[in-house]
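Visitor: kindly return the folded structure for what I paste below:
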Amino acid sequence: MTSFKRKFNRAKDKFAGEVKEAAGKITGNEQLELKGKIQSAKVDFKDNMDINEKIHETKENIARKLNDKIDEKKDKKRK
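Guide: Residues are numbered from 1 along each chain as shown. Got it, this is the predicted structure:
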């Protein structure tokens, strides 16, 4: 699954969980409220445990910094 699809699905699940939680509170339905809280918490947990995404972000940050340093050295040589 692509990163965009994963983020979209998680946002959708988070929203659905929050809606269930709110509906449960409004109607006094404890089970629905709990289901909503669990659904939202699962999304938060997945976001925190997404190692592949964190590795990708770290690699991108390193590549950006290296590119900046290389460009900086090139600019100094031109002057």
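
Visitor: and the longest helix anywhere in the chain, what does it pack against?
Guide: Ranked by residue count, the top helix of the chain under DSSP state H comes out as helix 51-78. Helix 51-78 is packed against helix 3-27, with contacts defined by 3 or more Cβ pairs under 8 Å, 6 or more residues apart in numbering; DSSP states H and E. C-beta coordinates here come from the backbone N, C-alpha and C atoms, glycine included.

Visitor: which of the residues in the helix or strand just after the helix it packs on are buried?
Guide: Using DSSP states H and E, the helix or strand that follows helix 3-27 in sequence is helix 30-49. By 16 or more other Cβ atoms under 10 Å, the buried positions in helix 30-49 come out as 32-33, 35-36, 39-40, 43.

Visitor: so the longest helix of the chain versus helix 3-27, what angle?
Guide: In terms of direction (axes from the mean of the first three to the mean of the last three Cα atoms, to 10 degrees), helix 51-78 departs from helix 3-27 by 130 degrees.
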